[in-house]
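A.B. asks: Show me how the following folds:
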Amino acid sequence: MSGLQISIIIFSSSTTIFAFLISLVFFKKVSFDKLYIAKRVKIIKGKQVTGMDYLSRRRKALKKSKSSSFVFANTKFLDKLFDELILANIPLKPEEFIVIWMVLVFLPSCITILFTYNVAPSITLAILGSIAPIIFIRSRKKKRTRQFEAQLGDALMICCNCLRSGLTFQQAMETIAEDMSEPISVEFSRVVNEIRYGNNTESALNNLSNRIKSADLMLAVSAVNIQRQTGGNLSEILETISETIKERIKIKSDIRTLTAQGRMSGIIIGALPIGLFSILMVLNSEYMMLFFTNTYGKIMLGASIVMEITGYILIKKIVNITY
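C.D. replies: Model (predicted):
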């Protein structure tokens, strides 16, 4: 069997698997949503005997689907991915993002192996395609978190002024959701919607803190929850926390300015060797295969990985200042 035939077989198999995954995603999504809506309509119209019967059947169906289908049936995974996409401000559904992720993993590697007949560049591109979406989400999420923290002090002052004017805390959060810009307006809109749909204020605020994972927001949420349990003047508490958060943001921006050179050094040390290694693996894989076939090459590769990780950890430890 020639190399061209092997490449055609691999490409055909990859295309078939990719098409199957796409059809599985959309079939699961459409059929599950239609079934859920139809059963909910029956419950509302009174055609269903009890709600407990429906819940038990739904749990059995979910258990059966999880045991007999792929990861797309795992609603916890999709919910977690959906939260990550929202926090990263990526306007995609989890199913759409997974399809794009698989395109990045399979398509470049299949095209490479089809034209070069070499497995090493194909594997390298598949690894890069699987890592790139994760890095993209994390970078967008960090950027959005910094924007949220920059708006948090002003949001607390708006909440404080609303409380002093006689509005309730929920109405103050609605004012933040309506008057302020993204991303804080979107997150407070989710909190208000959770409260409207039956969740209590403490749980909704804790969910917000768990999503954002910001120390400043955790401070504000803890103060609000303690005040609701013990009592006190919430407007004064929020004013004090707002001033504290603004001072923390100022200190944080000063620290980022002073450690910019060190952070850039850490990024270069962490990304440049990996990038060069990946490029050389794609352009001239035979030259780089000596690191995997030769004994001295393996030793050098292992030592470089250890030194790379050590240098990155030390630089990160230096530039990350606790305050």
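A.B. asks: got the domain boundaries for the protein?
C.D. replies: Listed by automatic domain parsing, the domain ranges of the chain are 3-117, 143-248, 260-319.
A.B. asks: Columns mean neighbour count and distance to G129 on top of those domains, output as JSON lines?
C.D. replies: To be clear about C-beta, it is placed using only N, CA and C from the backbone, and glycine gets the same treatment. Below are these laid out as JSON lines (neighbours: other Cβ atoms under 10 Å; distance: least, Cβ to Cβ, whole Å):
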{"stretch": "domain 3-117", "mean neighbour count": "14", "distance to G129": "4"}
{"stretch": "domain 143-248", "mean neighbour count": "17", "distance to G129": "22"}
{"stretch": "domain 260-319", "mean neighbour count": "13", "distance to G129": "11"}
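A.B. asks: quick one, which of these is nearest to I137?
C.D. replies: I137 lies closest, by Cβ to Cβ, to one member of these: domain 3-117, at 4.7 Å.
A.B. asks: Looking at the closest one now, give me its mean pLDDT.
C.D. replies: Averaging pLDDT along domain 3-117 yields 61.
A.B. asks: Likewise for stretch 241-259?
C.D. replies: pLDDT averaged over stretch 241-259 gives 83.
A.B. asks: Any idea how far it is from the middle of the chain?
C.D. replies: 25 Å (Cα atoms, centre = their mean, to the nearest Å).
A.B. asks: again with stretch 256-273
C.D. replies: 23 Å.
A.B. asks: What of stretch 155-162?
C.D. replies: With Cα atoms, centre = their mean, you get 29 Å for stretch 155-162.
A.B. asks: and what of stretch 198-218?
C.D. replies: 17 Å.
A.B. asks: Alpha carbons of it, as CSV, please.
C.D. replies: Provided in CSV are the C-alpha atoms of stretch 198-218 (Å, rounded to 0.1, in the frame of the first residue of the first chain):
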residue,chain,number,x,y,z
GLY,A,198,-36.8,32.0,42.5
ASN,A,199,-33.2,31.9,43.7
ASN,A,200,-32.4,33.9,46.8
THR,A,201,-30.0,36.9,46.8
GLU,A,202,-27.2,35.2,48.7
SER,A,203,-27.0,32.2,46.3
ALA,A,204,-27.2,34.5,43.3
LEU,A,205,-24.4,36.7,44.5
ASN,A,206,-22.3,33.6,45.4
ASN,A,207,-22.9,32.2,41.9
LEU,A,208,-21.6,35.5,40.5
SER,A,209,-18.5,35.3,42.7
ASN,A,210,-17.9,31.7,41.7
ARG,A,211,-18.1,32.7,38.0
ILE,A,212,-15.9,35.8,38.1
LYS,A,213,-13.4,34.5,40.7
SER,A,214,-12.3,38.0,41.7
ALA,A,215,-10.9,38.9,45.1
ASP,A,216,-12.5,42.4,45.0
LEU,A,217,-15.9,40.9,44.1
MET,A,218,-15.6,38.3,46.8
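A.B. asks: And the contacts of that stretch?
C.D. replies: For stretch 198-218, contacts defined as Cβ atoms under 8 Å, 6 or more residues apart in numbering pick out 83, 87, 145, 148-149, 152, 169-170, 187-188, 190-191, 194-195, 221, 224-225, 228, 245, 248-249.
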